[in-house]
Structure formats: C-alpha cells, structure tokens
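[1] here you go, sequence then predicted model.
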Amino acid sequence: MDNTTTAAIKAYLCLNGSNNLIKSFLQNNGFEVMEAIGNIEDNLTQIHHFMPDVVLIEDNLENCEYVLRQIKSVAKNQNIQIILVVNNEKTEFMGLSDGIITNPINENVLIATINSHLKIKKSLDRLYENNKELSRSLYQLNVLYNTASQFTGTLNTTKLFDIMIEAMEKTLSFDMACVLLFNPTGKSILNINTIHTPSQNLTDALKIRSVLNYKTIFDDGILPNEKDFDEIELIQKVKQSRSNKIFGLEVLSYDSLFAPIKVGSDFFGVVEIFRSLPYSTEDVTCFQAISHQVALPLRSAKLYEEISITNKKLEKLEKLKSEFVSIVSHELRTPLTPINNSLEIVLSEQAGAITPDTRNFISMAKRNIQRLSGIIEDLLDLSRIQTGKLDFKYKIVDITPSLELLQKTFSQVANEKNIKINLNIEQKLPEIYADIRRIEQIFTNLVSNSIKFTSDNGEITVTARLVENSEIDETKLILPAKKLDGKYILISVKDNGIGIKQEDIPKIFDKFSQIESSLNRNKGGVGLGLTITKQLIDSHLGAIWVDSVEKQGSVFNVLLPLLSERKTFEMDVMRALTNYDDVGIIKISMKENTDTISKLKENKLLNLTALSKELFINEEVPKETKEEIEEKIGEIKNVYYACIPKITQESFDAFFKTINEFCIKNNDDIILSKAHSKKDGTDIGKIIKQLG
Amino acid sequence: MKKILIVDDEKDIVETLSFMLKAKGFECITALDGEEGLNKAKNENPDLVILDVMMPKINGYKICRLLKFDNRYKNIPIIMITARSQDEDKIIGEETGADEYITKPFEFSDVLEKIEKHLI
C-alpha cells in the first residue's frame, strides 16, 4: 500500500499507434511505463508480472473486451485502474473500465484522470487490507470459539496441549512451536512442532531456552520445582516438510510469542511460537487467549487425574479388605473344627462319663462355637456380596415349606425365652424365581433378630400373602429407587420387642450398625445380618421396609416379586451387571419354532473366542417347568436371551450384526433386539425398554 | 467292619474324627497329606474316603479327580471337607465327582449321616 507513494507509479500502455509521445510524457512525470508487445496472452502475462497501478487501453484494440475482463481477473485484488481510451463515443466497454479518456489524448487531462484514479486505488487498497484483517480476526475468533468447546470435551492433558497447538497453528501459522509440559515429579516434556526438521543445535538450544523461559515466569524467582536441561524429554513433530530444509539457530531470531500456562498457583507449562513474518497485536491477543483458555481445562484434568488415582487406591483398598475378610474367615474355620469335634466327643461321653456341670459348661462352649461359625459365615457372605462373588442358584421355588421350617429351626431358642412363634401363611402361595437357600437365610436372619430383641414371653408372627404393588406405600421402602411393578409375595416378621426409633430405621441396615450403638452391644452378633438380608433381597429384585414403634415392637416387611418372563430375565441381567463392567444383551424372539439357536451354537456364533467361557445363553426357564409357566403367563414362546458380559459397545455391535446376518440368511422369522450397558449408572428398566 | 480313610493335613481334625468314627464301629486309617492319602486310597482298599480340600503336595480336588476317573477306584464314595463352604467349592467339587460335601466346622451327626448314606 505504502509502495505507491514511495516507488514510482507504474503504468501499462495498450494503445494502437503512437505510444511514444504518451510514454515519454508519463516517464517525464515520474511514471514507470511498460508497453504492450506481442499477442494478447503475452500482454496479460506482462501485466501479471509488472502489476501496474494504471492501465491505458484503447477501445478499438482487437479483442478489447476480452483483454479488459482478463486484466481484472489477472490482478483480482490489486485494484488496477483501467482507463479506456475512447475513439468514438459509442464505445461498448465503458462498463468494464474504471474511467475513460477521449482520443486524441490531452496531456493535462490524462494526468488529472490518472491522479484521480490513483486516489481511488489507494482508498480501495486500504479498504481491501482492512477487509482482509477483519476476516482474519473473524477466523481467529471462530477458531477460538471452536477450541473452547474442544477444550471442554477432554480431560486428557496431552490431548489438551495438542488442541492448543492446533488452534495456534490455525490462527497464528507458526514456523515453530515449543511447548514445555511441566511435570513436577518426573521428566518434563518439551514438544517441538516445526515445519522443517530442526537441527541438533536448535533442539539443544530450545531445551535451554524452555528452562530459562520457565524460570522467568516466577517474578519472585522462587520456582515451584527446580528444572534442569537433562530432565527434559523431547518430542518432535515435523509438519509439511517437503523440502530437505533444516531449521538452524536462525529460527530463534524470528518474531516470537511466549506465554506461561497457568491458573492461579497451578502451573502447567510454557508455550512459545516462532514465525519469520512478524506477528500483529491482534495475533498477540489471540495467542494469549488460547494459552489462557487451555489452563482451565488443564486444571480440571489434573483434578480428574488426582481423583482417578484416589479412586483406584480406594477400590484396591476395598478389594484388599474383602479379600482379607475372606481369607481370615477361611483360616478361622479350620481350628474351629477340632474344637467343635473335641467338645462333641466329650459331650457324647465316648471319652468317659461327665458330670452334669461339665455337660452344662461344655454345651455352653459348643453353643458359642456355633455362634462364632455363624458370624464367620456372615462375614464371608458380606465379603462375597462386596466383591460380587455371591453366587445364586435361581430356580422356581415354593417358599411356603421354608417359612414353615422357621418354627422348627427356632423352637429351642424360642422355648428358652418362652417366645411364641406364630405362622400365618396364605394357602397356595404362587412360586417365585429365587435361590431358596438365600430366601431361608433372609427369614432366618429376620426371625433370629426378632427373638434377640424380644423379651421373655413375647410373641413373633410370620405372615405371608399375595399383594399388588398398588397396596404398598413405596415411600417407606428401604432399598433405594425401587419401583414396584405387578404382584409380590409380602412376608412380614412381627414382634412385640423393644422396637426401633424412627430415625434409626435406615441405619440398622448399615454394616456393623450394632457395634456402633453400644446400647445393643449385649445382644450379640456383629450386626451384619440385616446388611446381608438387604443385599439378598435386592438380588432377588425384592424390597424391604420396617414399621416400628419404640417399646412396642417391629414389623419387618419383605416383598418378593412373582415370576414373570421379564423379571427372570431382569435378574439374570442384574447378575451379569453386578459382576461385569460391560454387558451386551440380545433378545431373540421367534414366531415359529426354529432351530436357529442350535444353528447359532453349531456355527459357534454364540460361542465366540474369548467370550465363550463367559457367555451364557439363558433359555428362559428350566425345561421341566416350562409348560407350567406357559400355563401361568402364556407368552413364553421361543424367546431367548443371550447375555454377553465383558463386551465393549463396539465389539458388541459387530457381534450383533453377525448374528443378525446369520438369522436373515437362515430365513428364520426372527426378531432381534439388543441393548448394551455399562456398570455405572445402569438402569435395568432402561435396558429392558431398549430391548422392546 | 467298614474301612474309612481320613485325609487331612490338620492332625487335630484327623484325630477327633477318627476317634468318633471308631466309637461308631468303623475302622479308620489316616493320611496327613495328599500324596500319602492317594497312595492309601489306592492300596488299602478303603470303603469310603473323607478328603480335605486344601492340602500340601496334592490337593483334595486333584485326588478326587484321580480316583473318580480311574475305573478301579471310581466306586469309592468320597466326602469332601471344605473350609470355603458353599457354592464356589461345590461347583468345583461337582466337576471332580465328589459324592458329598461338608463345611468346616461340621457337626459329627452330619458326617455320620452322610457316611451311612453311602455305606449302608
């Protein structure tokens, strides 16, 4: 732009006939003049190289219109002023030129015309430059905006630095960028991005420079960590280097921008970029904006990393604790065995007669051995629940005999305290899908608790009946976020014991709750029974709540869901979900009876490689009872579920595709649906819904 | 008189168990590790074997499998004693072909019931 004032004004003459007069006139007036020679294409090339400020062109020139249009396109942004020399007034090309002058040319008019057009050109040039700057700023703003959203998308430190470099490359087009990733404990990393391969000298110099830069950031000269050159690891990236050019130390003399990356006292590194062309003030602002922008997500990333590490430590600790409990429990059982055996031998009088007092005390020892084994069993159960190792053997069962057994199991203990145990079980309770041993454990725990907290001559009543979910007040339920659905068996264990304070009810299900409250310490047990009970009920997709009045008694109410196609499946899925992080579920519904499942198995499609061991296909219900169930709900017709634990979303999708293609190929009238879930935040209802 | 082989590395368990079994009229032979147990099972013609799981040299599962997969010994009933209890062990036990399981600490009456089931 400034060139036009200092350098000579360039004119290009494209005239018929005598150019010489005009040429020498213009030259005398300080113009640099070039004349058209050769054909039209030559002329255009000349213009392209010469880049005149003004072109004089005569309208009767051959192909004048073409030339006019071409000049404009050859020098698109140069705002060349075209002055048409008109021979007759009817010229057609006035619209294509910037100005006109009539032939014969008057010298004064010519100078005046050219000068006024030069003024126009100057303004246009300035406008063009401004526009260019504006669009550049707009682009930078856009990049900044995009970068900001990219920054929020990741918590990976390296990735964040990559995004930063990319943003700087787009907005500031550097020749070289150096980023020192500060690591307070280990080696810091110096990332060098260049457009040409850097020389060894240069990389060495950059190492030193980055450390020096780092040291200048802290005004008071107190560094958070001393850093030395040899503690820096180098990572180099060379972009777009097609030539063999090598960057030497000269790069350090380029214009450069430098900024620390930090928020408050959190320091993450330094960034410096170099460019042979100078940076503008807008560039500096943009550079600072980006380097500032990256610091906040970096801090989040740092915090996230810290949390992850702590989490992992905690998980490890929790696992260790569970394993510890498990091992200790195992080890305790072995010595308990000969103690118990010896006491039995003495009591049996095989080793000689004993006095009644001896019998009394040995019996006491034996009773406490049994109590101790019970506690060990509880501890083991708890550790199994926590590690997800508790195994259930689900079957279709009638719980009535198990409930009736309670009276017998506790007859001796109840007699000792003169407590009456009543049973009130509805006739013909429907069967449920459950692990009967666990169901027994639930009610043994509840009844033994009731006996423990009921004084002599008390009364305990166990009732069982069928209920609809609408009869239940869901706000009372202890298990979190339980949504009741359909029919349940409600089993209540009611006592007239000491009762529980309203505010204590949720606490009694916590681990070792009894140990914490010293008042109940004398009641025995470690307070694991209710924790385990709650977990067992949860595993059965049941619910529990407690009604209690202090000094009058408590009622523990347990809901166990009735068998339905959906619920049995839910339970299987739940089991998979508690044991594995990723689970994929495929539902295969067949309208007609086909042999697809066996074909799938034959073709090893439902038995893939590493998955084979983990994969189980749940054939809905055991064969022998299938008919019975169909009678009850009448809709289990060839529905199969394949539940595949330990499978990522990606490989699961691929797996599903394979199965789907196979089914289509086999011409089976089959409907497939799938769902994938991660352990965290799994909503069983959602999965089932997804399956349709 | 029926002969019962008790294999357990816990001397006290072997001693108390054999005392009680002898009192009930059984002949008892004992072994204190897996290797000895396997040899005695093969050479002393026991009518039943009571087998601990965790033992030095050869563990109880392996002995059980070796016996149950050998036509000469597969008819000898085997009762496994486990400290782990429950399913985890029973599943493995079922695969090895054991006939019964008892969990430490056990009641003598339970053991006797299981023995009688196979010997009478």
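    Okay, I see it. Numbers count the residues shown, from 1 in each chain, chains lettered A, B, ... in the order given.
[2] and A:Trp545, that's in a helix?
    No: using DSSP: H, G, I helix; E, B strand; the rest coil, the secondary structure at A:Trp545 is strand, not a helix.
[3] chain neighbours aside, what residue packs nearest to it?
    Distances taken as Cβ to Cβ, 6 or more residues apart in numbering or on different chains place A:Lys476 nearest to A:Trp545, at 4.1 Å, with adjacent residues excluded. For glycine as for every other residue, the C-beta is placed from the backbone atoms N, C-alpha and C.
[4] please name the residues that touch that neighbour.
    Counting by Cβ atoms under 8 Å, 6 or more residues apart in numbering or on different chains, A:Lys476 makes contact with A:Trp545, A:Val546, A:Asp547.
[5] in terms of pLDDT, where does it sit?
    In the predicted model, A:Lys476 carries a pLDDT score of 82.
[6] pLDDT (mean, whole number) over stretch A:346-366?
    Averaging pLDDT along stretch A:346-366 yields 90.
[7] do it and chain B meet?
    Yes: under the criterion of Cβ under 8 Å from any Cβ of the partner chain, stretch A:346-366 makes contact with chain B via A:Ser348, A:Gln350, A:Ala351.
[8] now B:Ile13: how far from chain A?
    5 Å (Cβ to the nearest Cβ, to the nearest Å).
[9] which positions in the stretch 251-400 of chain A make contact with chain B?
    Counting by Cβ under 8 Å from any Cβ, the residues of the stretch 251-400 of chain A close to chain B are A:330-331, A:333-334, A:336-342, A:344-345, A:348, A:350-351, A:369, A:373, A:377, A:380, A:389, A:391, A:393.
[10] same deal with chain A?
    With the criterion set to Cβ under 8 Å from any Cβ, chain A comes near chain B through A:330-331, A:333-334, A:336-342, A:344-345, A:348, A:350-351, A:369, A:373, A:377, A:380, A:389, A:391, A:393.
[11] list the residues that contact the residue nearest in space to the middle of chain A.
    What sits nearest the mean C-alpha location of chain A, by Cα atoms, centre = their mean, is A:Thr154, with 9.1 Å. With Cβ under 8 Å, 6+ apart as the criterion, the residues that contact A:Thr154 are A:Leu160, A:Ile163, A:Pro297, A:Ala301.
[12] among those, which pair sits farthest apart?
    Using Cβ to Cβ, the contacts of A:Thr154 span at most 11.6 Å, a distance reached by A:Ile163 and A:Ala301.
[13] which segments of chain A make up each domain?
    Structural domains of chain A, as assigned by automatic domain parsing, span the residue ranges A:3-129, A:150-308, A:391-561, A:565-691.
[14] just send these back as TSV, with distance to B:Leu67 too.
    As requested, those are exported to TSV (distance: least, Cβ to Cβ, whole Å):
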stretch	distance to B:Leu67
domain A:3-129	96
domain A:150-308	51
domain A:391-561	26
domain A:565-691	27
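[15] considering those, which stretch scores lowest in mean pLDDT?
    The stretch with the lowest mean pLDDT among the domains of chain A is domain A:565-691, which comes in at a mean of 56.
[16] which residue lies nearest the spatial centre of chain B?
    With the centre of chain B defined as its mean C-alpha position, the nearest residue by Cα atoms, centre = their mean is B:Ile50, 1.4 Å away.
[17] surely that residue is in a strand?
    Yes: secondary structure of B:Ile50 (three-state DSSP): part of a strand.
[18] so what sits opposite it in the bridge?
    As for beta bridges, B:Ile50 partners with B:Ile6, B:Ile79 under DSSP bridges.
[19] correct me, but it touches B:Val14?
    No: here B:Ile50 does not reach B:Val14: they are 9.1 Å apart, not a contact under Cβ atoms under 8 Å.
[20] quick one, strands of the stretch 1-150 of chain A?
    With DSSP state E, counting those that start in this stretch as the criterion, the stretch 1-150 of chain A has strands at A:9-14, A:31-35, A:54-58, A:81-86, A:99-102.
[21] which neighbouring elements make contact with the third one?
    For strand A:54-58, the contact count by 3 or more Cβ pairs under 8 Å, 6 or more residues apart in numbering or on different chains; DSSP states H and E identifies strand A:9-14, helix A:64-74, strand A:81-86, helix A:107-152 as packing neighbours.
[22] A:Asn193: which element?
    strand A:188-194 (DSSP states H and E).
[23] so which of the contacts of A:Thr154 belong to helices?
    When helices are assigned by DSSP state H, the members of these inside them are A:Leu160, A:Ile163, A:Pro297, A:Ala301.
[24] which ones are touching the third one?
    Looking back up the chat, that one is A:Pro297. With contacts defined as Cβ under 8 Å, 6+ apart, the neighbours of A:Pro297 are A:Phe151, A:Thr152, A:Thr154, A:Leu155, A:Leu160.
[25] follow-up on the earlier one: for B:Asn75, which of the domains of chain A is the nearest?
    The minimum distance between B:Asn75 and the domains of chain A falls on domain A:391-561, with 28.3 Å, by Cβ to Cβ.
[26] sounds good, over and out.
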